[in-house]
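[1] Starting from these lines, generate the structure:
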Amino acid sequence: MTQSGLSGFFSLETHLDADRLNRWLTLIANIAVVAGIIFLGLELRQNNEILQFEAGSVYFQNRVWGVNKSLENPEFARMIFRARNGEELDDFETYQVRQFYRRVFLGLNWEYSQAEAGRLELSHNDRWREIIKENRYAVAEWEWAAKNVLTSDFVQYMSN
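    Numbers count the residues shown, from 1 in each chain. All right, here's what the predicted structure looks like:
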């Protein structure tokens, strides 16, 4: 190429076309970034809705579990009834009842953590506070669970 050919290649007009193209590409890239942020926001919102649904589902399962256990096994229901009335249980029944209460306390602890995160509203805990104070099997399991498996925040909440 000659000198005059090179100067035509780098002419002011070519530079302006490249500058205009660069501006368009920058605008398109900025629009793509904004669209990506909007899409991310929609995805986060959808994920939060799914988490709230799942939390509600587990909450429901926790609440129905004890009822189902009693309906499916009348002997178990009698044993819980006897425990709540302060009757003596043998070692195996005591173990079963304490495991039942541990399961309940763990479920309540989970519900509390979900409520603290804003995904659930707490309910029925006043009744459980009464059971913890009245039923010696529940008391024994509460004392063990409070020291070993439950969160300190939940224990404090239930103690109030």
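[2] Which SSE is immediately downstream of the worst-scoring helix or strand of the chain on mean pLDDT?
    Sorting the helices and strands of the chain by mean pLDDT, DSSP states H and E puts helix 3-9 at the bottom, at a mean of 53. The helix or strand immediately downstream of helix 3-9 is helix 12-72, counting by DSSP states H and E.
[3] Give the other helices and strands that that following helix contacts.
    Here helix 12-72 touches helix 74-84, helix 91-116, going by 3 or more Cβ pairs under 8 Å, 6 or more residues apart in numbering; DSSP states H and E. No exception for glycine: its C-beta is placed from N, CA and C like everyone else's.
[4] I'd like the average pLDDT over the longest one.
    Okay, so that is helix 91-116. Mean pLDDT, computed over helix 91-116, is 89.
[5] buried ones in that helix?
    93-94, 96-98, 100-102, 104-105, 107-112, 114-115 (16 or more other Cβ atoms under 10 Å).
[6] Repeat that for the first one.
    Neighbour-count burial for helix 74-84 flags Phe76, Met79, Ile80, Ala83 (criterion: 16+ other Cβ under 10 Å).
[7] Okay, Asn125 and Met158: tell me how far apart.
    With distances taken as Cβ to Cβ, to the nearest Å, Asn125 is found 7 Å from Met158.
[8] hang on, I meant Gln52
    The value you get for Gln52 to Met158, if Cβ to Cβ is used, is 24 Å.
[9] Looking at the two, which one has more neighbours?
    The neighbour comparison of Gln52 against Met158 (other Cβ atoms under 10 Å) goes to Met158, with 19 against 15.
[10] Not counting residues beside it along the chain, what's closest to that one?
    Distance criterion Cβ to Cβ, 6 or more residues apart in numbering; nearest residue to Met158, sequence neighbours excluded, is Arg129 at 6.1 Å.
[11] Following element in sequence after the helix or strand hosting the one you found, please.
    According to DSSP H and E, Arg129 maps onto helix 125-134. Using DSSP H and E, the helix or strand that directly follows helix 125-134 along the chain is helix 136-148.
[12] Pull that next one out as CSV, backbone CA atoms only.
    Presented in CSV, the C-alpha positions along helix 136-148 are these (Å, rounded to 0.1, in the frame of the first residue of the first chain):
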residue,chain,number,x,y,z
ARG,A,136,-42.5,-35.5,83.6
TYR,A,137,-41.5,-37.4,80.4
ALA,A,138,-41.6,-34.2,78.4
VAL,A,139,-39.7,-32.4,81.2
ALA,A,140,-37.0,-35.1,81.2
GLU,A,141,-36.6,-35.0,77.4
TRP,A,142,-36.7,-31.2,77.3
GLU,A,143,-33.9,-30.9,79.8
TRP,A,144,-31.8,-33.4,77.8
ALA,A,145,-32.6,-31.8,74.4
ALA,A,146,-32.1,-28.2,75.7
LYS,A,147,-28.5,-29.1,76.7
ASN,A,148,-27.7,-31.4,73.7
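[13] Before I go, just wanted to say thanks for your time.
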